[in-house]
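From the sequence below, what's the structure:
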Amino acid sequence: MTTALLLTAALAVQQPDLQDAESVIRLLASLRSAEPAVCELAGRSLTNYGGWWDGDLPVPMPMPTPTPMPWAGGGVHVRVPSIGSRGGADMDARVLEAYRGALKDSSRCIRHIAARMVARARPAWAAADFGRLAKAPDAGLRETGLLGLGELEDPATLSVMTGALRDRDAAVRAMAAWALGELELPDAISALARALDDEAPAVRRRAAWALGQIEDEAALAPLERALRDRAPEVRQMAIWAVGEIESGKGVAMLAGALADADGRTRRMAAWALGEIESSAAVPLLAPLLRDPEVDVRLTALWALGEIETDDAVSIVTPALKDNNLAVRRMAAWALGEIESSAAVASLTPLLHDPDDSVRTIAAWALGEIESFSALSALESARNDRSPEVRRAVRWAIDNIDDRR
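Below is the predicted model of the structure:
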């Protein structure tokens, strides 16, 4: 996509008064002739929808990073501004009717923009309109109807969604699986389990995602089958789903994924074990600290920090000498999360690490552990050349002194 097209999409969204029905109609007409990627970009901005849009679901696993230091005032908070339209129950009736008319547009992107805007406004007629679309002869309209029902998150539409999992069109079945995930109802588990046998990988992947959204242990049995799916993207989503359910029963299920030939799969399995937070995962994660891929080592360390068991100290400690700077930082963070005095002797040498960030996190970790045995080393670091390290050292000493 060219820069010019990106700018055109941005201007299309920012300039019109989207509380005026005619402006909405003109905007949708301009997007109808645009490339699909441009329409999608505009749709994301218009609806302020930061997550999944029209493509396949991404594996929703952020790269784990150490918690912001307590003296830093928390993390950075990013506010997403509203662009051009208020949306919600206060949407102008004429604007709402313009979106209602676009629910049957020939453009899939336009229909989906309209469905999201209507669902946001939640008019009394929305569920009925979406329900009729979900049963329309045209597959595209059925898909849009299911998108709207999923956005409404109305439990009364469960039967419509489960029925759509048997639709002859794969895109419709995939949207039905997504919509069921939005409902987050255990009653949908059996239908989604059957969808894990669908011929289309996109349907199986969204079914696995939906089972993770429901967060019920009853979904573990079908997900165990999905962990052996022939498509790697389905296996990875099943791993994510097991992590979302956060049941200790999932630990043994993930053991095979930790040895997968694909690094992304190993990383996903480590992340899932960190979400589950069971000490039974510690010996399974240990080999990953020697993984050739940095992201896998980082995620395994993050998981061990999340589990917070003293048994992990001896496993994490060697990573403090890793050649990779980010790995050393994460190892120090993990030991701080575990808060075991057994880690003090290994952490104090990091107060002399060449990197300021490693020294900062080492000081923070010693403050979290709150062991008097760390005071001497921390006192020696009071005059560190880095202001950030000095702040961390002062905080750590004060935190330990508070125990007296």
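
Who are the contact partners of the closest residue to A281 other than its chain neighbours?
With CB to CB, 6 or more residues apart in numbering as the criterion, A281 has its nearest non-adjacent residue at 4.1 Å, and that residue is L273. (Each C-beta comes from the backbone N, C-alpha and C, glycine too.) For L273, the contacting residues are G243, V251, L254, A281, L284, L285, A303, I307, taking CB atoms under 8 Å, 6 or more residues apart in numbering as the criterion.

7 Å - rerun?
L273 sits next to V251, L254, A281, L284, L285, A303 when contact means CB atoms under 7 Å, 6 or more residues apart in numbering.

so which strand or helix has it?
Element membership for L273, per DSSP states H and E: helix 263-276.

List the buried residues for that helix?
264-276 (16 or more other CB atoms under 10 Å).

sorry, back to before: just checking, which of the contacts of L273 belong to strands?
Using DSSP state E, no member of the contacts of L273 falls in strands.

can you tell me which of the residues you listed lies nearest to A193?
In terms of CB to CB, no member of those lies closer to A193 than L254, at 18.8 Å.

Can you report how many residues neighbour the closest one?
For L254, the count of nearby residues is 22 (other CB atoms under 10 Å).

Now the residue nearest to L351 when sequence neighbours are not counted. Its backbone dihedrals?
If the residues on either side of it in the chain are set aside, L351 comes closest to A381, at 4.6 Å by CB to CB, 6+ apart. Dihedral angles phi and psi of A381 (degrees, to the nearest 10) take the values phi -100, psi 0.

residue contacts, A381?
Applying CB under 7 Å, 6+ apart, one finds that A381 lies in contact with L351, A363, V389, V393.

Tell me where the stretch 201-350 of the chain has helices.
With helices called from DSSP state H, counting those that start in this stretch, the stretch 201-350 of the chain shows them at 201-214, 220-226, 232-245, 250-254, 263-276, 282-285, 294-307, 313-316, 325-338, 344-347.

Can you list the buried residues in the third one?
Neighbour-count burial for helix 232-245, with 16+ other CB under 10 Å as criterion, is recorded at 233-245.

So for it, mean pLDDT?
Here the mean pLDDT over helix 232-245 is 95, rounded to a whole number.

which strands and helices sit next to it?
In terms of contact count using 3 or more CB pairs under 7 Å, 6 or more residues apart in numbering; DSSP states H and E, helix 232-245 is assigned the packing partners helix 201-214, helix 220-226, helix 250-254, helix 263-276.

give me that answer again for 6 Å
In this structure, helix 232-245 makes packing contacts with helix 201-214, helix 220-226, helix 263-276, judged by 3 or more CB pairs under 6 Å, 6 or more residues apart in numbering; DSSP states H and E.

Relative to the whole chain's centre, how far out is it?
Using CA atoms, centre = their mean, to the nearest Å, the mean C-alpha position of helix 232-245 is found 12 Å from that of the whole chain.

could you dump the helix holding L273 to CSV, C-alpha only?
Below are the C-alpha coordinates for helix 263-276, written out as CSV (Å, rounded to 0.1, in the frame of the first residue of the first chain):
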residue,chain,number,x,y,z
GLY,A,263,10.3,-21.3,18.3
ARG,A,264,7.0,-19.4,18.3
THR,A,265,5.2,-22.5,19.5
ARG,A,266,7.7,-23.0,22.3
ARG,A,267,7.4,-19.4,23.3
MET,A,268,3.6,-19.6,23.3
ALA,A,269,3.7,-22.7,25.6
ALA,A,270,6.1,-20.9,28.0
TRP,A,271,3.7,-17.9,28.1
ALA,A,272,0.7,-20.2,28.8
LEU,A,273,2.6,-21.9,31.7
GLY,A,274,3.3,-18.4,33.1
GLU,A,275,-0.4,-17.7,32.9
ILE,A,276,-1.3,-20.9,34.7
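
related to what we said a few turns ago, export the helices of the stretch 201-350 of the chain to JSON lines and tack on distance to M91?
Converted to JSON lines, the helices of the stretch 201-350 of the chain look like this (distance: least, CB to CB, whole Å):
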{"stretch": "helix 201-214", "distance to M91": "27"}
{"stretch": "helix 220-226", "distance to M91": "39"}
{"stretch": "helix 232-245", "distance to M91": "33"}
{"stretch": "helix 250-254", "distance to M91": "42"}
{"stretch": "helix 263-276", "distance to M91": "37"}
{"stretch": "helix 282-285", "distance to M91": "49"}
{"stretch": "helix 294-307", "distance to M91": "41"}
{"stretch": "helix 313-316", "distance to M91": "52"}
{"stretch": "helix 325-338", "distance to M91": "45"}
{"stretch": "helix 344-347", "distance to M91": "55"}
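
Thank you kindly, that will do.
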